[in-house]
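[1] I would like the atomic coordinates for the input below:
(2 chains)
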Number of protein chains: 2
Amino acid sequence: MLKRLLLSLTLAGSIAAGAPAIAQADALASWNDGAAKARIVAFVKATTETGGKDHVAPADRIAVFDNDGTLWSEQPMYFQLAFAIDRVRALAPQHPEWKSKQPFKAALAGDMKTLAASGEHGLVELIMATHAGNTADEFAQAVRDWAKTARHPKFNRPYTELTFKPMRELLDYLRANGFRTYIVSGGGIEFLRVFAEELYGVPPEQVIGSSVKTKYELRDGKPAIVRLPEIDFIDDKAGKPVGIHKFIGKRPVAAFGNSDGDFEMLEWTTTAPGARLGLIVHHDDEAREYAYDRKSPIGKLDRGLDEAGKRGWLVVSMKNDWRTVYAPAR
Amino acid sequence: MLKRLLLSLTLAGSIAAGAPAIAQADALASWNDGAAKARIVAFVKATTETGGKDHVAPADRIAVFDNDGTLWSEQPMYFQLAFAIDRVRALAPQHPEWKSKQPFKAALAGDMKTLAASGEHGLVELIMATHAGNTADEFAQAVRDWAKTARHPKFNRPYTELTFKPMRELLDYLRANGFRTYIVSGGGIEFLRVFAEELYGVPPEQVIGSSVKTKYELRDGKPAIVRLPEIDFIDDKAGKPVGIHKFIGKRPVAAFGNSDGDFEMLEWTTTAPGARLGLIVHHDDEAREYAYDRKSPIGKLDRGLDEAGKRGWLVVSMKNDWRTVYAPAR
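    All right, here's what the predicted structure looks like:
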């Protein structure tokens, strides 16, 4: 007992000192051995090794992760959009007018082309109609209920099984080294909070995302947070550093994304002094997931690919750098 | 060495188990022994004792504190307003028009009566003119510089020395029992973040407050968060539960305030099931601080006093329950 105690203390000491313990390398077992994995491990070592010139105090070890396309898949459409469309179907009996009104008509018919053609305005209208009016608790329950039965059209698996195993290992690995991991997503904050703790080990207070305005009121004498049909904040592109500053008030030391929507977040993170890590997941794996970048309407990665080299950002090839893509079904 | 190690482990064990260790009672040394102190200790014991019916998991031990009038003084005016007025003076040379324009003229003359008469509109104008236009880093520096030289008119001490020692002990005591302590203030989030860590041990990511909109942009090629002259969020009254829900995404188990601006935060906290603590600091100590409540334009406490009894909120008498008011000067 005492021996085990002392052993665990010694081990804790060696991790705190940033020793490249085998236990830590194994933590990234779904990453192929190669430059990408080595770069990640070197960054963690540099920022955590006591007395090193790039040492970062534990309180400042902030790592920010995009979600769609970075922590889970985002094709053929953002999972939250699939939720919104399913919710239009669920709510349709109470809205007979939707049968002849766009973009609801297209959503009901599964006509993705017309839906896409409705543009940002149409999508916002869809989100407002399906994501507001109820209380925060009711909304979270609707998301949970949906996730139980919805299936991804290509993989025929629950959406919650389509998280990337290498990225989940990376989240764990960073946390084991004293980092706090935040999700900074263009998706809805309250949608994500339903999943973040269970899927990624990220508690609600470390989820930042887009939001609708809310209002505190008494409903049947009981206090509730009510979701209003009005955009509060769009946590995308230049909005990501704004969201990070608002919620965390510190500049991150590592940022992980996959599209040009993450460009400013990576820029904000990696232009600060000291060792910084900017990482882009490149979807080049048609066989195991999807292959898309410069021309994709979803998760477009163009400027990021052009500038990653000169900015020192690590571009990770899903095809070559990842041994496994998805976490196994439970 | 080993003996000390084992001792510390044993001690940690007894704290984790919620034993009413003497060390814990001493943690509230600036509180007079009496009903208020006993109630606080009983609440902490109930929520942390393993196996107890009111046990709260560490991840859910969220405690929220108002700042002005709860953690530091707020008379004769909010300290942030004193900063704004001093800043009008500092910026006046660049704004000759302020000499003849209200509310700036009143601020320059120290004419508090006219300033107050300018109402909410005038105060917002004052805040926008003095709190926006610069980057977040520049603003924080201006606040730090101000705090070094500004003195409170009654006590002739730096504002940062006017924090309440009993409340700082309470913050420490809750954290020692696994609570995370958040500040939820009507004051500005970026103003508060300058002080929160040093004064209260509360890191930036656990400060929630009112805010202006900000924008991410490159200034001289360097990324910056720029403060815009537009209100983003008012974290007061019914805004407090909204801010808590947005930033934390969990309902607190303890809430600490002093005015009717904290009413909804206390209501939101204490109407959830399980052991909950709502506490109001009552300023009834003219000799050591100030005495004010129902009629005060600043920190008005009226409905809170009326309803504290039936809602089970603990009203703390500064005069009778606190042995010491201010933390000693360093």
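[2] Report how many residues lie close to the nearest residue to residue A:266 once chain neighbours are set aside.
    Distance criterion CB to CB, 6 or more residues apart in numbering or on different chains; nearest residue to residue A:266, sequence neighbours excluded, is residue A:278 at 4.1 Å. (Each C-beta comes from the backbone N, C-alpha and C, glycine too.) For residue A:278, the tally of surrounding residues (other CB atoms under 10 Å in any protein chain shown) stands at 25.
[3] next one: stretch A:69-81 to chain centre, how far?
    9 Å (CA atoms, centre = their mean, to the nearest Å).
[4] same question, stretch A:298-309
    17 Å.
[5] now that stretch: mean pLDDT?
    Per-residue pLDDT values across stretch A:298-309 average out to 97.
[6] Give the buried residues for that stretch.
    A:298, A:299, A:301, A:304, A:308 (16 or more other CB atoms under 10 Å in any protein chain shown).
[7] Pick out whichever of the residues you listed sits closest to chain B.
    residue A:304 (15.7 Å; CB to the nearest CB).
[8] Over to the closest one. Which of the three states is it?
    helix (DSSP: H, G, I helix; E, B strand; the rest coil).
[9] got a list of contacts for the strand or helix carrying the residue nearest to residue A:266?
    Assigned by DSSP states H and E, residue A:278 falls within strand A:277-282. Here strand A:277-282 makes contact (CB atoms under 8 Å, 6 or more residues apart in numbering or on different chains) with A:39-40, A:43, A:69-70, A:164, A:167, A:253-258, A:262, A:266, A:269-270, A:293, A:301, A:304-305, A:308, A:311-318.
[10] out of those residues, which are inside helices?
    A:39, A:40, A:43, A:167, A:266, A:269, A:270, A:304, A:305, A:308, A:311, A:318 (DSSP state H).
[11] Quick one: neighbours of the nearest residue to the first one once chain neighbours are set aside, just the number.
    Leaving aside its chain neighbours, residue A:39 sits nearest to residue A:314 (5.4 Å; criterion: CB to CB, 6+ apart). By the measure other CB under 10 Å, the count of residues near residue A:314 is 17.
[12] quick one, phi psi at residue A:198?
    phi -70, psi -40 (degrees, to the nearest 10).
[13] That one - how many residues pack around it?
    Neighbourhood size, residue A:198 [other CB under 10 Å]: 9.
[14] Look up the closest residue to it, ignoring the ones flanking it.
    residue A:160 (7.9 Å).
[15] so who does the one you found touch?
    A:147, A:195, A:198, A:199.
[16] Chain B versus that one, what's the distance?
    19 Å (CB to the nearest CB, to the nearest Å).
[17] And that residue, how far from residue B:205?
    27 Å (CB to CB, to the nearest Å).
[18] Now do the strands in chain A.
    Taking DSSP state E as the criterion, chain A carries its strands at A:62-65, A:180-188, A:207-219, A:222-233, A:254-257, A:277-282, A:314-317.
[19] Which stretch among these approaches residue B:134 most closely?
    strand A:222-233 (21.7 Å; CB to CB).
[20] Packing partners of that closest one?
    The contact analysis (3 or more CB pairs under 8 Å, 6 or more residues apart in numbering or on different chains; DSSP states H and E) places strand A:222-233 against helix A:119-131, helix A:136-149, strand A:207-219, helix B:239-247, helix B:263-270.
[21] who's in contact with the last one?
    In this case it means helix B:263-270. For helix B:263-270, using CB under 8 Å, 6+ apart, the contacting residues are A:216, A:223, B:64, B:66, B:184, B:237-238, B:240-241, B:244, B:251-255, B:257, B:276-278, B:280, B:303-304, B:311-313.
[22] For ChimeraX, write a command that selects the buried ones of the residues you listed.
    To isolate the buried members of the contacts of helix B:263-270 in ChimeraX, using 16+ other CB under 10 Å:
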select /A:216,223 /B:64,66,184,237,238,240,241,244,251,252,253,254,255,257,276,277,278,280,304,313
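[23] hmm, back to that, just the buried members of the contacts of residue A:160?
    Of the contacts of residue A:160, these count as buried by 16+ other CB under 10 Å: A:147, A:195, A:199.
[24] Reformat these as JSON lines; add pLDDT and distance to chain B.
    Listed next are these as JSON lines, based on pLDDT from 0 to 100; distance: CB to the nearest CB, whole Å:
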{"residue": "A:147", "pLDDT": "97", "distance to chain B": "17"}
{"residue": "A:195", "pLDDT": "97", "distance to chain B": "12"}
{"residue": "A:199", "pLDDT": "97", "distance to chain B": "15"}
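[25] Now do stretch A:150-161: distance to the chain's middle.
    That offset, for stretch A:150-161, works out to 17 Å (CA atoms, centre = their mean).
[26] Pipe the buried residues of stretch A:298-309 into a markdown table and attach distance to residue B:88 per row.
    Shown next, in a markdown table, are the buried residues of stretch A:298-309 (distance: CB to CB, whole Å):
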| residue | distance to residue B:88 |
| --- | --- |
| A:298 | 49 |
| A:299 | 48 |
| A:301 | 47 |
| A:304 | 44 |
| A:308 | 46 |
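[27] Can you name the residues that contact residue A:62?
    Here residue A:62 is in contact with A:179, A:180, A:182, A:248, A:250, A:251, A:252, A:253, A:254 (CB under 8 Å, 6+ apart).
[28] Among those residues, which ones lie close to chain B?
    Restricting the contacts of residue A:62 to those touching chain B (CB under 8 Å from any CB of the partner chain) yields A:248, A:250.
[29] any idea which of the contacts of residue A:62 is closest to chain B?
    Using CB to the nearest CB, residue A:248 is the member of the contacts of residue A:62 that lies nearest chain B, at 4.7 Å.
[30] is it true that the closest one touches residue A:184?
    No: using CB atoms under 8 Å, residue A:248 makes no contact with residue A:184, being 9.1 Å away.
[31] what sits in contact with each of these two?
    Shared contacts of residue A:248 and residue A:184, counting by CB under 8 Å, 6+ apart, come down to residue A:208.
[32] So what does the closest residue to residue A:62 other than its chain neighbours look like in phi/psi?
    Leaving aside its sequence neighbours, residue A:62 sits nearest to residue A:252 (CB to CB, 6+ apart; 4.3 Å). Dihedral pair for residue A:252: phi -70, psi 160, per degrees, to the nearest 10.
[33] which ones are touching residue A:252?
    Counting by CB under 8 Å, 6+ apart, residue A:252 has contacts A:62, A:63, A:64, A:182, A:244, A:268, A:269.
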